[in-house]
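K.L.:
sequence-free structure coming up:
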């Protein structure tokens, strides 16, 4: 086996392991249940916000400090381009689907793995959507590539240092966790 | 559980505060990658390679970093004038193939700027417009050319005609344009006056 295919195999193995760990954590956090996910939209259950924002802050702090320690080169980490209109349309479509189905792509896999029928149905819809997108890509391509804004990052947009943005996001996250806890307590009492 | 959550929140705040304290400037992340690219000479391309990619159908974003007057006199086909300030605001897909050229060190400065902004496929011409004219627009064949030089000239003459240039043959060896591509030549930047003289000669011929 060549070095290149070794590298691809190792990457896929790591991706598989991370995927399994992610799925397990989602399930343990209760995000395999559509009721928990939809509760977010009615401010009845803020588990989604707390779990995913915790993951975001952990990844952000980890990436920043690993870069500082010389273990990770953040400059080599891929940041997707921003395409304003197509991504806004995609976001609305995604949000609408999440509200209707009660599951997003990751949690639908978790739900299906735990034997829930709604998870299987959402996964089937997801695969059909992927198929339809690819079949209709020639027709969609013009919209898909419209309004390119390049690579947007918060430090660039705000003209702040990366470290200061990290601090602001971490502070904002902690403030929102506290607010979420208070909201939940006031609803329960 | 509450105690664990409080501890985690405290750790996040401490790490976040330390991040702000340790990073007082913008754009420092990824500096090691830039240095590695420069050391491996992944920061520049040749005028011939650029011409071949354009001829093959690629459409690079080509930025001319000289002044407006110089740009109006002559520029590489499809290039647009640009300044460092303008490049700071440029919005292009991250995967765009970008080539920069100018006089002096401006193109290398622009390369650093764009790489720090996350553009990956960015290169500059080491000897700017001079290199384009000497190597692509007006390739020269020395009067005592070797077979290898003749073959290389034929390839570049085809490019020259594609871009509306004018190959020159039977050029005295002493008048052959020198640059990093010639053995024993100094690798310093071609002085702007040499570029200006070449452009003036092209304009006199009505190109």
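P.N.:
Received it, and whenever you're ready, just let me know what you need. For clarity, every value in this text was computed on a predicted model and none was experimentally measured.
K.L.:
contacts and neighbour counts: CA atoms only from here.
P.N.:
Noted.
K.L.:
how deep is the closest residue to residue B:65 other than its chain neighbours tucked in, by neighbour count?
P.N.:
If you skip the residues right next to it in sequence, residue B:65 has residue B:102 as its closest partner in space, 4.6 Å away by Cα to Cα, 6 or more residues apart in numbering or on different chains. The burial metric for residue B:102, expressed as a neighbour count using other Cα atoms under 10 Å in any protein chain shown, is 26.
K.L.:
and what of residue A:175?
P.N.:
Counted with other Cα under 10 Å, the burial measure for residue A:175 works out to 12 neighbours.
K.L.:
so it, which state does it fall into?
P.N.:
helix (DSSP: H, G, I helix; E, B strand; the rest coil).
K.L.:
then residue A:32?
P.N.:
coil.
K.L.:
and it, what is it in contact with?
P.N.:
Contacts of residue A:32 were listed using Cα atoms under 8 Å, 6 or more residues apart in numbering or on different chains, and they are A:26, A:103, A:107, A:108, A:110, A:111, A:114.
K.L.:
could you do residue A:149 as well?
P.N.:
Here residue A:149 is in contact with A:81, A:82, A:83, A:84, B:91, B:92, B:93 (Cα under 8 Å, 6+ apart).
K.L.:
for chain A, which spans come out with low pLDDT?
P.N.:
Across chain A, the ranges flagged by pLDDT under 70 are A:1-5, A:75-76.
K.L.:
was I right about the residue nearest to residue B:65 contacting residue B:66?
P.N.:
Yes: using Cα atoms under 8 Å, residue B:102 is in contact with residue B:66, at 5.0 Å.
K.L.:
which one of the contacts of residue A:32 is nearest chain B?
P.N.:
Distance from chain B was checked for each of those by Cα to the nearest Cα. The minimum falls on residue A:26, at 18.0 Å.
K.L.:
near that closest one, how many other residues are there?
P.N.:
Counted with other Cα under 10 Å, residues neighbouring residue A:26 total 20.
K.L.:
phi and psi next, for residue B:124.
P.N.:
For residue B:124, the backbone dihedrals are phi -130, psi 160 (criterion: degrees, to the nearest 10).
K.L.:
if it is in a bridge, with which residues?
P.N.:
For residue B:124, the beta-bridge assignment (DSSP bridges) gives partners residue B:44, residue B:100.
K.L.:
how about the contacts made by it?
P.N.:
Remark: with contacts taken as Cα under 8 Å, 6+ apart, residue B:124 is in contact with B:43, B:44, B:45, B:99, B:100, B:101, B:107, B:108, B:111.
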